[in-house]
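> Predicted coordinates and the sequence they were generated for:
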Amino acid sequence: MHDGLLSQEEIDALLGNVNTTPSSPLSESDKDLLGEIGNISMGSASTALSTILGKMVNITTPKVSITSINRIKESFEVPIVSLEVLYTENLKGANLLLIKITDAAIIADIMMGGSGENVNRALSEIEISAVSEAMNQMIGSAATSLSTMLNFPVNISPPTARIWDDASKTLSDNVDPNEDMVEIAFRLTIEDLLDSQIMLLLSIETAKIIINKMTGQSNEEEIIQKEEFFVDETPISKIDNASQSKVIEQNMAVEEPQINIQKAKFSPLTHFSNQEKQNIDLILDVPLEISVVLGRAKKTIKEILEMGPGSLVELDKLTEEPVEILVNGKKVALGEVVVIDENFGVRINSIISNVDRVKSLQGK
């Protein structure tokens, strides 16, 4: 100490060498939760990619960390293929899917009918388009899976694909290169052709919304809605002194842990998001069995045992009533039997509504 002033060493000693390193925006438990969510979402993405390639695809072993685009430039091998989407409903922020150019070349070669072996590192325009479509299906499937887990619609913007072949170029026009982001790295395997790594980047804002929703944490708007909900259910004219004291006691215990009671929210059956439409496109060539039901009848075991050649079975349908047309055992239309050349056929007279068909297919 000189002239009553403390030296820098003395100040550091008094402060106990306080660590000034900024804390992580996410706790370890938050990272674990994001890893589990990412594992489930990318599981759907692997199914989509497997359908496209016709090969077994596994996307597993998520590793969550905090990074930035500038730090990725230093650690991730270039060139890479990047697909970026923005969340447009309920979630906010950007989502980027990164794949190494060598891995993208294998995927493109398989999509173009090749074996996926001895591929060129450089991608043609057609191959870039093919890989972009595959990545689009993957990220769309992941968004649909995330929507199911969060129990609200998750829609994304049209994807922006680019080849990032120079670390000096911009990877995203919507994200600050120095901004902290959540990096979820996955192991990607395609049978014995590929064993590599892909990367999913989320903005911190997006990650926190997901975490809050999954952990049941409410924002101020939800709290206000809950307060209004409880007030509206008790008519003011019927409140006596005893009930007032109960209300006061309940209000004093607001900060205590309570069971989270919310009104159930369901997506309308008449609306499908872009991701759901894209997922349906993947199964358009799946064969379905169509059958026609002329009618039905109930018989006892005795009557069944007494049947023989020439026996007649009366059905519950009149001659002019339409027959039921079933797809995989589910009624989708009504029609009438016709003769086409030497075969029987059916002319469709009416189609069951989309809502009723979806309910039928869901077993409702």
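Happy to help now that I have it. Numbering: from 1, shown residues only.
> what residues are up against residue 43?
59, 145 (Cβ atoms under 8 Å, 6 or more residues apart in numbering). (Each C-beta comes from the backbone N, C-alpha and C, glycine too.)
> Give the rounded mean pLDDT of the strand or helix carrying it.
Here residue 43 sits within helix 28-53, counting by DSSP states H and E. Helix 28-53 carries an average pLDDT of 90.
> can I get the CA coordinates of the helix or strand following it in PDB?
Scanning forward in sequence from helix 28-53 by DSSP H and E, the next helix or strand is strand 57-67. The C-alpha trace of strand 57-67 is given here as PDB (Å, rounded to 0.1, in the frame of the first residue of the first chain):
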ATOM      1  CA  VAL A  57     -29.900 -44.400 -41.400                       C
ATOM      2  CA  ASN A  58     -29.100 -43.700 -37.800                       C
ATOM      3  CA  ILE A  59     -28.700 -40.300 -36.200                       C
ATOM      4  CA  THR A  60     -27.600 -40.700 -32.600                       C
ATOM      5  CA  THR A  61     -25.400 -39.600 -29.700                       C
ATOM      6  CA  PRO A  62     -26.200 -35.900 -29.400                       C
ATOM      7  CA  LYS A  63     -23.600 -33.700 -27.800                       C
ATOM      8  CA  VAL A  64     -24.800 -30.200 -26.700                       C
ATOM      9  CA  SER A  65     -22.500 -27.200 -26.400                       C
ATOM     10  CA  ILE A  66     -22.500 -23.400 -26.700                       C
ATOM     11  CA  THR A  67     -20.800 -22.000 -29.800                       C
END
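> Strand 57-67 pairs with which strands?
strand 181-190 (antiparallel) (DSSP bridges).
> starting at the chain centroid, how far to the partner strand?
Taking Cα atoms, centre = their mean, to the nearest Å, the mean C-alpha location of strand 181-190 is offset from the chain mean by 16 Å.
> how big is the angle separating it from helix 28-53?
Going by axes from the mean of the first three to the mean of the last three Cα atoms, to 10 degrees, strand 181-190 is angled at 40 degrees with respect to helix 28-53.
> Buried residues of the helix holding residue 43, list them for me.
30-31, 33-35, 37-38, 41-50, 52-53 (16 or more other Cβ atoms under 10 Å).
> Stretch 86-100 now?
Buried residues in stretch 86-100, counted by 16+ other Cβ under 10 Å: 86, 87, 91, 93, 94, 95, 96, 97, 98, 99, 100.
> The fourth one and residue 215: what is the separation?
Counting by Cβ to Cβ, to the nearest Å, the separation of residue 93 from residue 215 is 18 Å.
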